[in-house]
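*Asks:* quick one: sequence plus predicted model below, questions after.
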Amino acid sequence: MTDVFADLVGQDEAVVTLRRAAASAAALLRAAAPAVSRTGAPAGGGVDPDGGHDDLDALAEPVDGPGAADGRPAADPGAGMTHAWIFTGPPGSGRSVAARAFAAALQCVHGTGCGHCPGCHTTLAGTHADVRLVVPEGLSIGVNEMRALVLRAASTPSGGRWQIVIIEDADRLTEAAGNALLKAIEEPPPRTVFLLCAPSTHPDDISVTIRSRCRVVPLRQPPAGAVAEVLVRRDGIAPDVAEWAAAAAQGHVGRARRLARDPEARQRRDAVLAVPRRLTGVGAAFDAASALIEAAEAEAAASVAEVDEAERAALQTALGAGGTGRGAAGAMRGAAGQLKDLEKRQKSRATRAQRDALDRALVDLAGFYRDALTMALRAPVAPVHTDTAALAGAGAQKWDADGALRRLEAVLECRAAIEANVKPRIAVEAMMLALWKG
Ligand SMILES: [Zn+2]
């Protein structure tokens, strides 16, 4: 009943595409298997018993499996399996959830993503030997990391099915890393599948050449009702809390779950939504900017502190403590270099965590001004933040639609400026002044 696609909230079209592709992939494996076990003579369809290029050729074109035997035309591009996929959609729409579910379906011993077999289980738990997940911790994915990954992805799958690489936030690839990936996608090993996740297929997010080699699975922002339903069903959250959290999270499933479960996340959101009330003058605007930046820094520091400490301890153990004699001086120089590398990586991760925390705050704030705008326009839509709807209503009266729109734009401009590497404090101060002045 609950297979691997069950948590893909409100994405019916994508699920149909992925199920069909998984069925095609399973058919491909079945077609290849008897050819090996027989006398070595290639089976029908030109499958090479060595698992050589015929597999690759078969994959280069859409392959129709039994899943497509429902009267659909054989040339339906949605029916086949292919080597490289991009999952696109707004944050929280479930790009990585979709990629993982698809990976599980490909490794499923039944070829369906049953959710119960060892292939499904280990893939979803992140322990499958043939599924590698890249989650960039810093602001970008570097070329060395990508080269190592591409090399390992070329090996034969130990489980006999597929060698899968999932790249979350593929929009954070450096240009060099993107080129290394492109080479692998252009000439993929026969059993290797790349699953990329990115906000969109805009050239800013993913290079045109990589895009042209991939099949795109667009995900949409799931409706609040669907998000609330999954919170109730899967996480056992009370229906009224689930509904509130789903609306407040604006279609972001992970954020909705955090709001429903984590009191600290709720407190941080309350503090952000108190900002509009507090903007009573220039001094208050600068104070509000400081408070927002410092809250993001504190949240980020808390989220990375544990990992940082564990990494430092592991490195120190690996390097050994002290030591004398001839080799020791050289070893110490090497150790200093490794420690420096680690510090650099940790700093990059901390910066990313700060930006993510700040962005979450800005999305909440944008929701508030969006509520004020829709109320000023008397638009028949539900508010994002039901708990501050009265305050947004008061704002709507005071500012009118024009004033609410200008304020909403100020928040969105702040997000764009930080994305474009403007110093967060400067961008946030400019935004607070604009919110105060209108
Ligand atoms: Zn399974």
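*Replies:* The structure has been received and is ready for your questions. Nothing here was measured: the structure is a model prediction, and the numbers come from that model. Numbering: from 1, shown residues only.

*Asks:* which bits of this protein sit near the ion?
*Replies:* C108, C114, C117, C120 (C-beta under 5 Å from the ion). All C-beta spots, glycine's among them, are computed from the backbone N, C-alpha and C.

*Asks:* repeat that with 6 Å
*Replies:* C108, V109, H110, G113, C114, H116, C117, G119, C120 (C-beta under 6 Å from the ion).

*Asks:* so which of the residues you listed is the closest to I210?
*Replies:* Distance from I210 was checked for each of these by C-beta to C-beta. The minimum falls on G113, at 25.8 Å.

*Asks:* and the gap between the closest residue to that closest one other than its chain neighbours and I166?
*Replies:* Excluding the flanking residues, the one nearest G113 by C-beta to C-beta, 6 or more residues apart in numbering is A105, at 3.1 Å. Computed as C-beta to C-beta, to the nearest Å, the A105 to I166 distance reads 13 Å.

*Asks:* for T174, same thing?
*Replies:* Applying C-beta to C-beta, the value for T174 to I166 is 18 Å.

*Asks:* quick check: mean pLDDT of the strand or helix carrying V411?
*Replies:* Using DSSP states H and E, V411 sits in helix 389-419. Helix 389-419 shows a mean pLDDT of 95.

*Asks:* same question for stretch 429-438.
*Replies:* Mean per-residue pLDDT for stretch 429-438: 95.

*Asks:* what's the weakest-modelled helix or strand in this protein?
*Replies:* Lowest by mean pLDDT, DSSP states H and E among the helices and strands of the chain is helix 53-60, with a mean of 45.

*Asks:* which ones are touching P239?
*Replies:* A228, V232 (C-beta atoms under 8 Å, 6 or more residues apart in numbering).

*Asks:* rerun that using 7 Å as the cut-off
*Replies:* By C-beta atoms under 7 Å, 6 or more residues apart in numbering, the residues touching P239 are V232.

*Asks:* A228 versus that one, what's the distance?
*Replies:* For P239, the distance to A228 - C-beta to C-beta - is 7 Å.

*Asks:* could you check the angle helix 389-419 makes with the host helix or strand of V304?
*Replies:* Secondary structure assignment for V304, by DSSP H and E: helix 282-319. Angle of helix 282-319 versus helix 389-419, following axes from the mean of the first three to the mean of the last three C-alpha atoms, to 10 degrees, is 60 degrees.

*Asks:* tell me the mean pLDDT for helix 282-319?
*Replies:* Across helix 282-319, pLDDT averages out at 85.

*Asks:* so what does that helix touch, helix or strand wise?
*Replies:* Contacts defined by 3 or more C-beta pairs under 7 Å, 6 or more residues apart in numbering; DSSP states H and E place helix 282-319 against helix 263-273, helix 275-278, helix 326-376, helix 424-437.

*Asks:* could you tell me the least trusted of these?
*Replies:* Confidence, taken as mean pLDDT, is least for helix 326-376 of those (a mean of 83).

*Asks:* give me the angle between that one and helix 263-273.
*Replies:* Helix 326-376 and helix 263-273 are oriented at 60 degrees to each other (the same axes, to 10 degrees).

*Asks:* any idea how far helix 326-376 is from the chain center?
*Replies:* Chain-centre distance of helix 326-376: 16 Å, with C-alpha atoms, centre = their mean, to the nearest Å.

*Asks:* switch to numbering from 320
*Replies:* Got it, first residue is 320 now, which makes that one helix 645-695.

*Asks:* other SSEs contacting it?
*Replies:* helix 582-592, helix 601-638, helix 708-738.

*Asks:* pLDDT score assigned to E464?
*Replies:* Per-residue pLDDT puts E464 at 83.

*Asks:* which element is it on?
*Replies:* Assigned by DSSP H and E, E464 belongs to helix 462-472.

*Asks:* for L550, give its distance to Q569.
*Replies:* In terms of C-beta to C-beta, L550 sits 14 Å off from Q569.

*Asks:* check A575 too.
*Replies:* Distance of A575 to Q569, given as C-beta to C-beta: 9 Å.

*Asks:* show me what contacts R553?
*Replies:* Here R553 is in contact with D326 (C-beta under 7 Å, 6+ apart).

*Asks:* how far away from the center of its chain is the strand or helix carrying it?
*Replies:* Per DSSP H and E: R553 is located in helix 543-554. Relative to its parent chain, helix 543-554 has a centroid offset of 19 Å by C-alpha atoms, centre = their mean.

*Asks:* where do the helices sit along the stretch 420-569 of the chain?
*Replies:* When assigned using DSSP state H, counting those that start in this stretch, the helices of the stretch 420-569 of the chain occupy the ranges 437-444, 462-472, 494-505, 527-531, 543-554, 558-567.

*Asks:* which outside residues touch the fourth one?
*Replies:* Just to be clear, that refers to helix 527-531. When contacts are defined by C-beta under 7 Å, 6+ apart, helix 527-531 is touched by residues I405, G497, L500, L501, I504, T520.

*Asks:* now that helix - C-alpha only, PDB.
*Replies:* The C-alpha coordinates for helix 527-531 follow below in PDB (Å, rounded to 0.1, in the frame of the first residue of the first chain):
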ATOM      1  CA  VAL A 527      22.300  24.200 -21.000                       C
ATOM      2  CA  THR A 528      24.500  21.300 -22.100                       C
ATOM      3  CA  ILE A 529      23.800  19.200 -19.000                       C
ATOM      4  CA  ARG A 530      20.100  20.000 -19.300                       C
ATOM      5  CA  SER A 531      20.000  18.800 -22.900                       C
END
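
*Asks:* mind listing what the closest residue to M751 other than its chain neighbours touches?
*Replies:* Spatially, and ignoring its direct neighbours in sequence, M751 is nearest to A604 (4.1 Å; C-beta to C-beta, 6+ apart). Counting by C-beta under 7 Å, 6+ apart, A604 makes contact with L598, M751, L752, W755.

*Asks:* quick one, what contacts the second one?
*Replies:* Going by C-beta under 7 Å, 6+ apart, M751 touches L598, A604, A607, A608.

*Asks:* phi, psi of A403?
*Replies:* Backbone torsions for A403, taken as degrees, to the nearest 10, come to phi -140, psi 130.
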